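*Asks:* Coordinates for the following, if possible.
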Amino acid sequence: TDTSSELLAAWMDRLQTLAVVTTFLVSVDSQMFSLTAESSLSRNASPASQQLVHACLSGALVLHLCAAITAYIASFALIRYRIVDASAADVQHGVSSQKMSPWGTRSLGTQPSPKKIILERIHPRESVMGLFRDPKSNQNTRISSSSLPPPLSLLKRCYYTTLCQTAVGFILALTGILSYSWAGLSVQVGGFSTVCLGIGVGTGLWAITS
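*Replies:* Numbers count the residues shown, from 1 in each chain. Alright, predicted model coming up:
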């Protein structure tokens, strides 16, 4: 159905957006880590507080970096587009139009020999093994894979994995910033940062649950 095609496009757009957002978060985390490492934290805070701040910020940096890599691989390395000849059934269902087919395909326009684009999942192990196979067997494998359903479950799994990694990174980043406010700065700054965090979390929960 057309709904399946729209879902495929939506999941791909989400993953590509997450790849950009998480890359931006990596740059923010690295800036925060460098600022706390070069600040007066080592003079004003205890060793335990220093380790807490650096551990939280470095953990947030690593998790956001993993999320960016996961989203990038899911968007550009695990899915490929392949141009194939449209079958007679596809032509009858309007492949020559600008609508997508039930298997995540898109028409390339009205042509003497109708074509369509198929979204296929790339299996890394099979791709590596394909380098050592006979070219004819690789072609047969590609032809048989065109009948497989779209990789919707793969995109969902990568998307939610990226979200979980990003959420845990957010928690660690907030914990590190709040710990730095209390350990490396004055009590007033730490208290104000705590109030701001409470307001931010409270308004966020209100927006989600209301």
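*Asks:* which non-adjacent residue is nearest residue 193?
*Replies:* In space, and not counting its chain neighbours, residue 193 is closest to residue 181: 3.9 Å by C-beta to C-beta, 6 or more residues apart in numbering. Quick note: C-beta positions are derived from backbone N, CA and C, even for glycine.
*Asks:* cool, and residue 18?
*Replies:* Excluding the flanking residues, the one nearest residue 18 by C-beta to C-beta, 6+ apart is residue 71, at 4.3 Å.
*Asks:* Just the element for that neighbour, please.
*Replies:* helix 47-76 (DSSP states H and E).
*Asks:* Name the residues of that helix that are buried.
*Replies:* By 16 or more other C-beta atoms under 10 Å, the buried positions in helix 47-76 come out as 49-50, 52-54, 56-61, 63-75.
*Asks:* quick revisit: per-residue pLDDT of the residue nearest to residue 18, please?
*Replies:* The model reports residue 71 with a pLDDT of 92.
*Asks:* residues touching it, list them.
*Replies:* 15-16, 18-19, 22, 158-159, 162 (C-beta atoms under 8 Å, 6 or more residues apart in numbering).
*Asks:* Residue 210 too?
*Replies:* Contacts of residue 210 by C-beta under 8 Å, 6+ apart: none found.
*Asks:* how close does it sit to residue 195?
*Replies:* Plainly put, residue 210 is 22 Å away from residue 195 if you go by C-beta to C-beta, to the nearest Å.
*Asks:* Residue 78 too?
*Replies:* For residue 78, the distance to residue 195 - C-beta to C-beta - is 44 Å.
*Asks:* the more surrounded of those two?
*Replies:* Between residue 78 and residue 195, residue 78 has the larger neighbour count (other C-beta atoms under 10 Å), namely 18 against 10.
*Asks:* coming back round to it: okay if I get the contacts of residue 71 as a markdown table plus neighbour count and distance to residue 190?
*Replies:* Below are the contacts of residue 71 laid out as a markdown table (neighbours: other C-beta atoms under 10 Å; distance: C-beta to C-beta, whole Å):
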| residue | neighbour count | distance to residue 190 |
| --- | --- | --- |
| 15 | 23 | 38 |
| 16 | 15 | 39 |
| 18 | 23 | 32 |
| 19 | 20 | 35 |
| 22 | 24 | 29 |
| 158 | 22 | 38 |
| 159 | 19 | 36 |
| 162 | 27 | 32 |
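*Asks:* Helices - which of those land there?
*Replies:* Those of these mapping onto helices are 15-16, 18-19, 22, 158-159, 162, per DSSP state H.
*Asks:* Output the below-cut-off pLDDT ranges for the chain.
*Replies:* Low-confidence segments of the chain (pLDDT under 70): 1-6, 38-44, 80-150.
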